[in-house]
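[1] Predicted coordinates and the sequence they were generated for:
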Amino acid sequence: MRKKLKLPLLLLVNLMLLACEYPLHLYYYEELVATVIRVELINYDNPDAKTIRGTENLLPFDFDKMEIIATLREERFDGFFKEFSQFNFWEFSEHLDSPQGRSLRFVYRNGDFEVVCCKAVYSGRFDSNGNIIGDRYSGAYNANTGNDKWITDIINRYFDL
C-alpha cells in the first residue's frame, strides 16, 4: 500500500515544483545579429522606481535620465551576442515600473530599443520615442546562475571601460 502511494505523491510534488517556475525570456543570437545596430552601457538615474505587479503602471522611457557610459564596438558584436544569448531571463510578475541604474540598451534597426537592467528586476522594450511596446517586462535575473554577476562579467569583457 505504501509503495502505491509514493509514486502518485512523488508525481504530484514534481508537478507542483515545475508549476512554480517563472516563464523564461530568451535572446536568440540570430535575431540579435539581424536586428541590433547598437549596444550601449547606460546609467538610468531613477532612484524613485517603484515595484509593481503586471504592466498597467509601467512608465515610458525618460531620455533625460539616461547617460551613455560606453558603446560596444561593432567588431565585438558577434562574441557578445553569442555569450548574451546563452543566458535565460526569468519573467517576473513583480518588477520595477521603469529601468534603474546600470543597464544594457539594445537599439534595433527600426529605432526601437530594449533595456536590460544589470541589478534591478527590470527589462523592457520601447519605441524610438520611449513609449512602451508589448507586454513583456521582466527581471534581468539570470535563470542560469541565479545572480547578476554574469552581466558584470560580460560587460567587463566586451566594453571599453
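    Now that the structure is in, tell me what you want to look at. Numbers count the residues shown, from 1 in each chain.
[2] Show me the shaky parts of this protein.
    1-25, 90-92, 135-147 (pLDDT under 70).
[3] now the helices: where do they sit in the chain?
    For the chain, the helices identified by DSSP state H occupy 2-19, 29-35, 77-84, 149-158, in order along the chain.
[4] List the contacts of the last one.
    Read that as helix 149-158. Contact with helix 149-158 is made by 41, 72, 76, 79-80, 83-84, 87, 104, 116, 118, 140, 142, 144, 161, as judged by CB atoms under 8 Å, 6 or more residues apart in numbering. Where you see a C-beta, it was placed from the backbone N, CA and C, and this is true even at glycine.
[5] repeat that with 10 Å
    39, 41, 69-70, 72-73, 76-77, 79-81, 83-84, 86-87, 102-104, 116-119, 140-142, 144-145, 161 (CB atoms under 10 Å, 6 or more residues apart in numbering).
[6] Make a ChimeraX selection of whichever of those turn out to be buried.
    For selection in ChimeraX, the members of those meeting the burial criterion (16 or more other CB atoms under 10 Å) are listed in this command:
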select :39,41,72,77,80,81,84,87,102,103,104,116,117,118,140,141,142
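[7] In strands, which of the contacts of helix 149-158 appear?
    Using DSSP state E, the subset of the contacts of helix 149-158 located in strands is 39, 41, 69-70, 102-104, 116-117.
[8] now these in a markdown table, with distance to Leu96?
    Listed next are the ones in strands among the contacts of helix 149-158 as a markdown table, based on distance: CB to CB, whole Å:
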| residue | distance to Leu96 |
| --- | --- |
| Val39 | 21 |
| Leu41 | 19 |
| Ile69 | 19 |
| Ala70 | 23 |
| Arg102 | 14 |
| Ser103 | 11 |
| Leu104 | 15 |
| Val116 | 12 |
| Cys117 | 8 |
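[9] Max pairwise distance over these: which two?
    With distances taken as CB to CB, the most widely separated pair in those is Ala70 and Cys117, at 16.1 Å.
[10] I'd guessed Asn46 sits against Lys65; true?
    Yes: with the criterion set as CB atoms under 10 Å, Asn46 and Lys65 qualify as a contacting pair; they are 5.4 Å apart.
[11] And the two? Which one has more around it.
    With other CB atoms under 10 Å as the criterion, Asn46 and Lys65 differ in neighbour count, and Asn46 comes out ahead with 21 against 16.
[12] where does the more buried one fall, phi/psi-wise?
    Its backbone dihedrals place Asn46 at phi -150, psi 70, with angles given as degrees, to the nearest 10.
[13] what's near enough to touch it?
    Going by CB under 10 Å, 6+ apart, the list of residues near Asn46 reads 59, 62, 65-66, 96-101, 103, 117, 120, 122.
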